[in-house]
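What follows is a predicted protein model with its sequence.
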Amino acid sequence: MVTSKLTSKAQTTFPTSVRRALNLRPGDELGYTVTPDGLVILTRARTAVDIDPFATFDEWSSAEDEQAYGSL
């Protein structure tokens, strides 16, 4: 088990092994799920790229493309 301490300001530093396992970078958002029995599940919040990997493509992002394909 990996542990960290909570500061008086309710802050903690995630250990390196946790940051690496979740591929965390500065500015990433975290998700917490608390189960009825008190178990906390920590996840890296999904980004637009995680949800739609094509969101970063800009080859077809002109006004003409939006007009022609926007309703698909």
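Thanks, I have it.

in this protein, which helix or strand is least confident?
Ranked by mean pLDDT, DSSP states H and E, the helix or strand of the chain with the weakest confidence is helix 48-51, at a mean of 60.

Surely V34 touches L42?
No: V34 lies out of contact with L42 (Cβ atoms under 8 Å); the separation is 10.4 Å. In this view, the C-beta of every residue, glycine as well, is placed from N, C-alpha and C.

Of those two, give the one with the bigger neighbour count.
When V34 and L42 are compared for neighbours, L42 comes out ahead with 13 against 9, by other Cβ atoms under 10 Å.

Name every strand pairing with the host helix or strand of that one and say which way it goes.
If you go by DSSP states H and E, L42 is part of strand 40-44. Here strand 40-44 is paired, per DSSP bridges, with strand 30-34 (antiparallel).

Can you show me the CA trace of the partner strand as PDB?
C-alpha atoms of strand 30-34 as PDB (Å, rounded to 0.1, in the frame of the first residue of the first chain):
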ATOM      1  CA  LEU A  30      -8.700  13.900 -10.700                       C
ATOM      2  CA  GLY A  31     -11.900  12.000 -10.100                       C
ATOM      3  CA  TYR A  32     -12.900  10.400  -6.800                       C
ATOM      4  CA  THR A  33     -15.600   7.700  -6.400                       C
ATOM      5  CA  VAL A  34     -16.500   6.900  -2.800                       C
END
